[in-house]
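Participant: 3D model of this:
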Amino acid sequence: CHVPGGAIWSLAKHESTRRLAVGTETGHVNIYQLDDEAKQFSLAISVCKQAERIVSLAWHNNDDDFLVAGSINRIYICSTRQKRAIQQI
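Facilitator: Just a heads-up that it's a prediction; the model follows:
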């Protein structure tokens, strides 16, 4: 499937949902949903567009709203519901 934002640098599957987070070269964090037949991923939402590549990703264990994205010299806490970074370190 097509990934907006250039080359993929990181992937993270949520433990209990059928969602996959993808971090890209241009700073996009895209969330993909696996269809019911488990045959194809489709882009659900794009969240946390940043200025630099996303080199690591991790989901919150119990809540699929929160996702942590690591970039060069920064860590972002992203909300998939708000579609933006809610905090950065």
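Participant: For A21, give me its contacts.
Facilitator: Residues near A21 by CB atoms under 8 Å, 6 or more residues apart in numbering: 10-14, 29-32, 57, 59, 67, 69. Yep, even glycine has a C-beta here, placed from its N, CA and C like the rest.
Participant: Relative to A44, which of these is nearest.
Facilitator: Distance to A44 across the contacts of A21 (CB to CB) is lowest for I31, with 4.8 Å.
Participant: The closest one: what's it in contact with?
Facilitator: By CB under 8 Å, 6+ apart, the residues touching I31 are R19, L20, A21, V22, L43, A44, I45, S46, V47, L67, T80.
Participant: ok, the first one to S42 distance?
Facilitator: In other words, R19. Remark: distance between R19 and S42 (CB to CB, to the nearest Å) = 11 Å.
Participant: So those two - more neighbours on which side?
Facilitator: Each of R19 and S42 has its neighbours counted (other CB atoms under 10 Å); R19 has more, 20 against 10.
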